[in-house]
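K.L.:
Would you be able to build a 3D model of this:
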Amino acid sequence: MANQPKKYKKFVATAATATLVASAIVPVASAAGFSDVAGNDHEVAINALADAGIINGYADGSFKPNQTINRGQVVKLLGRYLEAQGQEIPADWNSKQRFNDLPVTAEEELVKYAALAKDAGVFNGSNGNLNASQTMQRQQMAVVLVRAIKEIAGVDLVAEYKKANFVTEIGDLDKAYSAEQRTAIVALEYAGITNVAHFNPGNSVTRGQFASFLYRTIENVVNNPEAGVAAVKAINNTTVEVTFDEEVDNVQALNFLISDLEVKNAAVKLTNKKVVVLTTAAQTADKEYTVSLGEEKIGTFKGIAAVVPTKVDLVEKSVQGKLGQQVTLKAQVTVAEGQTKAGIPVTFFIPGSANGVKTPVTVEAVTNEEGIATYSYTRYAATNDTVTVYANGDRSKFSTGYVFWAVDQTLEITEVTTGATINNGANKTYKVTYKHPETGKPVSGKVLNVSVKENIDVTVDKLQNVTVNGVNVVQTSDNNTRAAQITTDSKGEATFTVSGSNAEVTPVVFEATPVQVTNTNGTVTTTGYTQKYTADILQASAAKVTFGAVQAAYTLEVTRDGGETAATGVLNGRKYNLVVKDKDGKLAANEIVNVAFNEDIDGVISTVTSAQFVKVENGKQVGYEDKKITVKTNSKGEASFVISSDTVNSYATPIAWIDINNQSGKDANLDKGEPSAVAPISYFQAAYLDGSKLVSYKGTTETDKFDGAETATFKVQLTNQSGKVVANSGYTTKDVTYTVYNTGANNVKVGDVEIAPNRVHTVVAPNGEINVTSVEGKTSSVKVLATGVAKEVNGNKEFAFTSKEATATFTNTGEITNPYTGVLDLASINKKDKEIKFADKSKAVVYAGETGKTYKYFGIGNTTISSADAFISLLEEYKAAGKTVRATYEVKDDVVTFTIISENTASGNNGAASGKLVSAVVSDETADVAGLVDTITFTFDKAVAASTVAASDFAGTGYTVTGSPIVSGNTVKLTITPAAAVNTATVATVADSIGFTDGKGNVADTGFKITLGSKISKLFTADANQTTVAKVDAKGELAVGANTIKLAVNTSELNQADYNGLKVKFVKGTSLGTDPVAVYNSSTREVEVTLSYNDTNNTDAKINSAIAAVGSHGTVDFTKVTIDASAYVPKDADVTSPLTVTVSGGVNGTTGQVGKYNFALYPTLVAGDTVTVNGVTYTKVVSGSAVAANKTFNTAQELVDAIKVNDVRFDTTSAAAGDIITLIDKAQTGAAAPVVTSN
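P.N.:
Numbering: from 1, shown residues only. As a prediction, the model looks like this:
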């Protein structure tokens, strides 16, 4: 049918809500599975309608597609379809007769669906009769289908095809009985439901044919509609959107008209091809317009008033442009709530030059959906443009920016240190390049300012905590403007470093304008450079960088090692275990963790605890420590602490946190946002018998480590609720059953019974204990379990126990562990077999020559020794000089390493079984102006028993002990009176005056030489560098209706900034006669003041008294925080909802001063050593060869001279007195103390 238009599909758009189109029938694999439809011409239609529940087959599984269909069956099919689309069977189907020849007592299904089809107007019958048994003719079927479409969908197909001047191509139309039937047949042809040349109107319809007709009526009409108009909508004063049901391919072919309104343009929307965007002339607000597509009306809309933005702002106010390349300017509009940002016209204006070289530019642009309008242009000569953008409807809404044109990018910032997130206190370095605008060549000596955008034109309470090159950059007013200044080198480059803490900033570099004066002789002198930032200055910004504590994302886990109830007393208490993990869930080693009691720091007066932390030394609880401590995690991210109390019926809840606001990590205050964890609570009761534990002893010392020849004695100990041994329990433990597992590689003995590896032995010990030894002193290990019954000595009570396992490890003392550190037996050197022994080991180690092994040798200070021969030659020199040599032997991945740790003159009895002093080192741990040493550390060759050590054990010359010894493993540390750093002091020890954990004493030493542990002293800050800052008093205000509550901090307080962020919250009270009361929450820094129900009690004096009673917390003294009675005092009626006043604006006043610093050079600093000051390294040379410009020195004064030549920070007054150096800053910049290190 070549002349058939697709116009027939148009009815779908107007009948989208009709029942007929509510369901599309899609052919799928049929669930019906009729036996006789496969391969039939009507197979697809039959299966689709069957699966939709519209047609049924016969009981034998067939459909009989070629059998004629009668009128009753057609009624059933139509009824089922109507029901499937949601229409209901009439309620009176069985009481009201619809057709003369179909009583309500007839077949139920036929009666139901006949009633539904008749009432829906789909099937009217013939002369009032249904004629259910008569076969349905094709012409009758056409009438039924066309009538169904008209009644259900409200679409007259006959009227549609006549309006479209549709011409039929059916050749036997004249054979139809009536005009109605002929028009119905043409309507089916117009709708694409039939497409045959001969319709055969009088033929009967088969079941298969009717299925196809009904299926095509639904499928052709529903599933393939022509694009209809879904919506017409005005977007703004000049934009209308027309939305179609399908994508629009050729918008030029569509002729859009709007009544009384010009359509200037039509375009398909980029983000949705079903939408056509019409650009119109300005609409009249609320006027109704009609949109037509050609002659057909497709919708209406009401005009929208022109939107005038409340603000117009250039997105970038300073832009650098390259000549010949386009720069795109962007303007962002702000509109009133509910108004659209799209389609708003703005004007970009760029003035021309006076000489006419630059022509002025005035161009209109329209905003997009995000409210951004753009304009792009270029220049071909170096120049600067001032750009103004304004709203067309209101020129008072404007913004000004600047474009700096050059042959290349004039000012550029690149990152040296990568990463957008930097740890607190760390640095991020940038490189700046400056090129001449006209030549593009690097410019040297160009002075530039560096600041951060977040600290420009803000109030002091909004300042970010950052420095640039050590300068606290700020611009809050003309009198408080400070930027860091940098100067480009010969490459046109300069660098700057940003450091900060808990800050998020955008570094910006901008031109510094010379400050010049004209001299009397007419010459001009530059006296300095401006530091103020303005938008019209050439500038470049870096990406935003965040400074934060890495630890802020850490997690803490605190577990209690034991039950909820613990025994009182410093020797009891409860142990807690702590695990710290980083943001990736990995264990965090060497992390400082603060621990306190939640009852002490929760800010609630009524919660207190008498508990304290217990000091633990060498595994023993030796006394109470404090109410707040710090612990350090080990390599596995673990730490532990012990708490206890002497008060019965007391309790405590430990809380642990990581301080992220203090570089030391040790802060008594838990601040909001710091990672923390609250531990399980512990209750303290008097000690009572609660359990048991199995302990292994070496003599009377509890340990699980034994030499191969030693005996491990296992005993059951009755314990209290803290797991500690109960002294005088009143119970005896006899006839204990022990189960011993040999977990080692060699045989062990339990009494006289020998146990092989991986074997188990059970024994009953009548006296309650067993002895375990290693056979032949070989290395092995055991695991032991114990069960039994403890019996009351003076009674009949019994206490059954099953103790936790205990272990013991036996080590052959002649074997060498890996790694191993000890004294070398220099007499054992065997050059033939290339072997050497350690003094306390019987087995030799090979020092060279093994196949497949690589050998490395290092001397004292990790200096490389070139070969095995050189290593042995050095050891022989030590031997000849009577030296004792301590070394470490390690094998890792077939690499054997020998490292000499120390060498000392041998003295006393150097027997292998006695403890020996290895080294004595003095160091400077507390900085002072003279750079004196103040600590001495003694290192022995084995672990020291703390209880045996006293300061008097170490006698000598050149120092005086002032503190108690601190023992840690093999070391003993003493505080000494600050002394000159001379390398001539000695120490002496008396034999057996110092004990070790193996139960043995020390050998005697006389004249043991004390060495220096460093080459320079610690830097001492005599005066910190600081700028003058005027004090500003902190205060807070809150409007309450027409009144204002005012809080003030006493003007006598110097630390005004410490009060910033402090909150005072007034809440409603319930007691009539009470005065206001206040409590402080340290975690939120909030004072909560509960007012009296009776306003006569709510006076300024009583409120201030309540606040003052909170006392001091850290540096905040609440006696200095008062409410201003001259303003307004809150009343009970004001605090139906809490009122919170926040204190802000405080600035600590400081007096400006330059920094002054001291450090000393020690005699250990020799030629070739280096000292690094502020990143510049200076090398010590022999006397007479120092050159300041070359960064070399011999004396302290020469080092000062070299520093003054190479570092502009320090003033010419910097000097040296002997070996003590004094560095003095030139300017008051607030810079941090210099960093001074040596090699």
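
K.L.:
secondary structure element for the residue nearest to Val760 when sequence neighbours are not counted?
P.N.:
Among residues not flanking Val760 along the chain, Tyr741 sits closest, at 5.2 Å (Cβ to Cβ, 6 or more residues apart in numbering). Every residue, glycine included, has its C-beta placed from N, CA and C. According to DSSP states H and E, Tyr741 maps onto strand 736-742.

K.L.:
which residues are contacting that strand?
P.N.:
Strand 736-742 has contacts (Cβ atoms under 8 Å, 6 or more residues apart in numbering) with 714, 716, 748, 750, 755-765, 768-770, 772, 780-788.

K.L.:
Where in the chain is the helix or strand with the lowest mean pLDDT?
P.N.:
helix 11-14 (a mean of 30; mean pLDDT, DSSP states H and E).

K.L.:
after that helix, next one along is what?
P.N.:
Taking DSSP H and E, what comes next after helix 11-14 is helix 43-51.

K.L.:
Quick check: which helices or strands does that next one pack against?
P.N.:
helix 207-223 (3 or more Cβ pairs under 8 Å, 6 or more residues apart in numbering; DSSP states H and E).

K.L.:
the inter-axis angle of the helix it packs on versus helix 43-51?
P.N.:
For helix 207-223 against helix 43-51, the angle by axes from the mean of the first three to the mean of the last three Cα atoms, to 10 degrees is 80 degrees.

K.L.:
Could you list every helix and strand in contact with helix 207-223?
P.N.:
Against helix 207-223 (3+ Cβ pairs under 8 Å, 6+ apart) you get helix 11-14, helix 43-51, helix 71-84, helix 138-153.

K.L.:
what about that helix, average pLDDT?
P.N.:
For helix 207-223, the mean pLDDT works out to 77.

K.L.:
what's the following helix or strand after it?
P.N.:
By DSSP H and E, the next helix or strand past helix 207-223 is strand 229-236.

K.L.:
For that following strand, name the packing helices and strands.
P.N.:
So strand 229-236, by 3+ Cβ pairs under 8 Å, 6+ apart, packs with strand 239-244, strand 288-293, strand 296-302.

K.L.:
isn't there a strand covering Gln1197?
P.N.:
No: using DSSP: H, G, I helix; E, B strand; the rest coil, the assignment for Gln1197 is helix, not a strand.

K.L.:
Asp41 against Ala211, yeah?
P.N.:
No: using Cβ atoms under 8 Å, Asp41 is not in contact with Ala211; the gap is 10.4 Å.

K.L.:
The two: who's more crowded?
P.N.:
Ala211 (28 against 12; other Cβ atoms under 10 Å).

K.L.:
quick one: contacts for that one?
P.N.:
His42, Ala45, Ile46, Leu49, Ile55, Pro65.

K.L.:
rerun that using 10 Å as the cut-off
P.N.:
When contacts are counted by Cβ atoms under 10 Å, 6 or more residues apart in numbering, Ala211 is found next to 37, 40, 42-50, 54-55, 63, 65, 69, 77, 205.

K.L.:
Kindly report the same for Gly57.
P.N.:
Here Gly57 is in contact with Ala32, Gly33, Phe34, Ser35, Asp36, Val37, Ile46, Ala50, Phe63, Lys64, Pro65, Arg207 (criterion: Cβ under 10 Å, 6+ apart).

K.L.:
Can you tell me the SS state at the nearest residue to the third one once chain neighbours are set aside?
P.N.:
The one in question is Phe34. Spatial nearest neighbour of Phe34, chain neighbours left out: Phe63 (4.1 Å); criterion: Cβ to Cβ, 6+ apart. Three-state assignment for Phe63 (three-state DSSP): coil.

K.L.:
Relative to Lys435, how far out is Phe63?
P.N.:
Phe63 is 86 Å from Lys435, where distance means Cβ to Cβ, to the nearest Å.

K.L.:
ok, back up a step: okay, now the residue nearest to Val760: neighbour count?
P.N.:
19.

K.L.:
one step back: how about the helices and strands packed on helix 207-223 in a markdown table, adding distance to Gly822 and mean neighbour count?
P.N.:
Shown next, in a markdown table, are the helices and strands packed on helix 207-223 (distance: least, Cβ to Cβ, whole Å; neighbours: other Cβ atoms under 10 Å):
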| stretch | distance to Gly822 | mean neighbour count |
| --- | --- | --- |
| helix 11-14 | 96 | 19 |
| helix 43-51 | 89 | 22 |
| helix 71-84 | 94 | 22 |
| helix 138-153 | 101 | 22 |
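
K.L.:
Compare those helices and give me the one nearest Asn1050.
P.N.:
For the helices and strands packed on helix 207-223, the distance to Asn1050 is smallest for helix 11-14, at 78.5 Å, taking Cβ to Cβ.

K.L.:
Tell me which residues of stretch 776-792 come out buried.
P.N.:
777-782, 784-788, 790-791 (16 or more other Cβ atoms under 10 Å).

K.L.:
What's the end-to-end length of stretch 628-635?
P.N.:
For stretch 628-635, the first-to-last residue distance is 23 Å (Cα to Cα, to the nearest Å).

K.L.:
Identify the residues contacting that stretch?
P.N.:
556, 576, 578-580, 587-597, 600-601, 612-615, 638-641, 643, 656, 659, 664-669.

K.L.:
try 8 Å
P.N.:
Outside stretch 628-635, the residues touching it (Cβ under 8 Å, 6+ apart) are 578, 580, 587-597, 600, 613, 639-641, 665-666, 668.

K.L.:
for that stretch, the distance to its chain's centre please.
P.N.:
Relative to the centre of its chain, stretch 628-635 is centred 24 Å away, using Cα atoms, centre = their mean, to the nearest Å.

K.L.:
Helices along this structure, start to end?
P.N.:
11-14, 43-51, 71-84, 108-119, 138-153, 157-163, 179-190, 207-223, 598-601, 868-880, 1100-1108, 1196-1206 (DSSP state H).

K.L.:
Can you add distance to Leu314 and give these back as a markdown table?
P.N.:
Shown next, in a markdown table, are the helices of the chain (distance: least, Cβ to Cβ, whole Å):
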| stretch | distance to Leu314 |
| --- | --- |
| helix 11-14 | 46 |
| helix 43-51 | 62 |
| helix 71-84 | 62 |
| helix 108-119 | 69 |
| helix 138-153 | 56 |
| helix 157-163 | 57 |
| helix 179-190 | 60 |
| helix 207-223 | 52 |
| helix 598-601 | 50 |
| helix 868-880 | 72 |
| helix 1100-1108 | 48 |
| helix 1196-1206 | 45 |
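
K.L.:
Any idea which of those helices gets closest to Gly795?
P.N.:
That would be helix 598-601 among these, by Cβ to Cβ, at 39.7 Å.

K.L.:
okay, that closest one in PDB with CA atoms only?
P.N.:
Presented in PDB, the C-alpha positions along helix 598-601 are these (Å, rounded to 0.1, in the frame of the first residue of the first chain):
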ATOM      1  CA  ASN A 598      36.300   9.200  81.700                       C
ATOM      2  CA  GLU A 599      35.000  10.000  85.200                       C
ATOM      3  CA  ASP A 600      37.700  12.700  85.500                       C
ATOM      4  CA  ILE A 601      37.300  14.400  82.100                       C
END
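
K.L.:
so what does it touch, helix or strand wise?
P.N.:
Against helix 598-601 (3+ Cβ pairs under 8 Å, 6+ apart) you get strand 654-657.
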